[in-house]
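sequence and predicted structure, then a few things I'm wondering about:
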Amino acid sequence: MRAGPLDVVAGLRAAVVTLLAVGAVSLLLGQVAAALQGPVDDPFFAAMEARGTSAWTDLLAVTTQMGNVPETQVLTVVLAVGLAAWFALRGGCWWMPLLVLPLAWCVTRCAQLGLAGVTDREREVLSLIGTEIGAYPSGGVARIVVVTGTAVVLVAHYLRPRRAVVRLLGVGVVLLGVAEMYFRARLNQHWLTDVVAGFVVGCLVLWSVRRTLRAFHPLAVADPAAALVGAPAVEAPAVPEVASAS
């Protein structure tokens, strides 16, 4: 497959519609999370607090930083520049990673801040590492899912690798998200439901990114010889006609 011409109107329409859907579902999840404070979050928090800290939690306090704001900003820049260079070498649309990845990060960050303000969950308690517990949803989990997932979406859309490769990359995104969920839950950096919601919200934003990209830069007619935007199509060789015997 190869990408067709840009469709800005369709892309903007897809972005607005999908982000509104993401916001509505995320707000609903926030209400569910708040309702589960007593039966789920408080017992889990107490159980993790009772286990205390150890060399293991000291290690988790380092690894969980991969979802922090500065770390994900650096990851976004590295992935955007790396994919742009890769796309350029393939003769394709090198500027798309430089546009899509930072936008995806910004949308996720703004969504997290907005949801946190509306949901307004309790934050006065301290985590095991001595910081104030985070708000709904877990931004660290959501950012890891969105940033790495957006890179996979770009590769799948423009490079068109085998489905097995895309699935493998997708599994890697899920594992990173689940790992960050565990790190932050074990350290009591968030309520348990907020950690789970962070993963779900991240997947929802990633869905919005995918739908918007496909609308903004749709794939044209199937062309196995053109794997990337800008790659020329290879025409099939002409078959010589054989004159029939008179």
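Everything's here; your move. Numbers count the residues shown, from 1 in each chain.

low pLDDT regions in the chain?
Across the chain, the ranges flagged by pLDDT under 70 are 1-3, 220-246.

show me what counts as buried in the biggest helix by length in it.
For the chain, the helix with the greatest residue count under DSSP state H is helix 8-35. Across helix 8-35, burial judged by 16 or more other CB atoms under 10 Å covers 11, 14-15, 18-19, 22-23, 26, 29-30, 33-34. Every C-beta, even on glycine, is put in place using the N, C-alpha and C of the backbone.

any chance of those residues in JSON lines, with distance to residue 113 too?
Shown next, in JSON lines, are those (distance: CB to CB, whole Å):
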{"residue": "11", "distance to residue 113": "24"}
{"residue": "14", "distance to residue 113": "23"}
{"residue": "15", "distance to residue 113": "19"}
{"residue": "18", "distance to residue 113": "19"}
{"residue": "19", "distance to residue 113": "14"}
{"residue": "22", "distance to residue 113": "14"}
{"residue": "23", "distance to residue 113": "12"}
{"residue": "26", "distance to residue 113": "12"}
{"residue": "29", "distance to residue 113": "16"}
{"residue": "30", "distance to residue 113": "13"}
{"residue": "33", "distance to residue 113": "16"}
{"residue": "34", "distance to residue 113": "17"}
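
grab the nearest non-local neighbour of the residue nearest the centre of the chain.
For the chain, the residue nearest the mean C-alpha position is residue 146 (1.6 Å; CA atoms, centre = their mean). Spatially, and ignoring its direct neighbours in sequence, residue 146 is nearest to residue 108 (4.6 Å; CB to CB, 6 or more residues apart in numbering).

just residue 83 next, same as before
Per CB to CB, 6+ apart, closest to residue 83 is residue 97, 3.7 Å.

out of the buried residues of helix 8-35, the closest to residue 192 would be?
residue 33 (9.0 Å; CB to CB).

state the distance from the closest one to residue 115.
10 Å (CB to CB, to the nearest Å).

shared neighbours of the two, which are they?
136-137 (CB atoms under 8 Å, 6 or more residues apart in numbering).

in the chain, mark out all the helices, start to finish.
8-35, 42-51, 55-63, 69-89, 95-119, 139-158, 163-186, 192-216.

export these to a markdown table and tack on distance to residue 128?
Formatted as a markdown table, those follow (distance: least, CB to CB, whole Å):
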| stretch | distance to residue 128 |
| --- | --- |
| helix 8-35 | 20 |
| helix 42-51 | 7 |
| helix 55-63 | 6 |
| helix 69-89 | 20 |
| helix 95-119 | 21 |
| helix 139-158 | 15 |
| helix 163-186 | 8 |
| helix 192-216 | 14 |
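
and among these, the most buried is which?
Across the helices of the chain, the average number of neighbours (mean count of other CB atoms under 10 Å) peaks for helix 139-158, which reaches a mean of 26.

could you dump that one to CSV, C-alpha only?
The C-alpha coordinates for helix 139-158 follow below in CSV (Å, rounded to 0.1, in the frame of the first residue of the first chain):
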residue,chain,number,x,y,z
GLY,A,139,0.1,10.2,33.3
GLY,A,140,3.3,8.1,33.3
VAL,A,141,1.4,5.0,32.1
ALA,A,142,-0.6,6.9,29.5
ARG,A,143,2.5,8.7,28.1
ILE,A,144,4.5,5.5,27.7
VAL,A,145,1.6,3.8,25.8
VAL,A,146,0.9,6.8,23.6
VAL,A,147,4.5,7.7,22.7
THR,A,148,5.7,4.2,21.9
GLY,A,149,2.4,3.2,20.4
THR,A,150,2.4,6.2,18.1
ALA,A,151,5.8,5.2,16.8
VAL,A,152,4.4,1.8,16.0
VAL,A,153,1.4,3.3,14.3
LEU,A,154,3.7,5.5,12.1
VAL,A,155,5.8,2.5,11.1
ALA,A,156,2.8,0.3,10.3
HIS,A,157,1.1,3.1,8.3
TYR,A,158,4.1,4.2,6.2
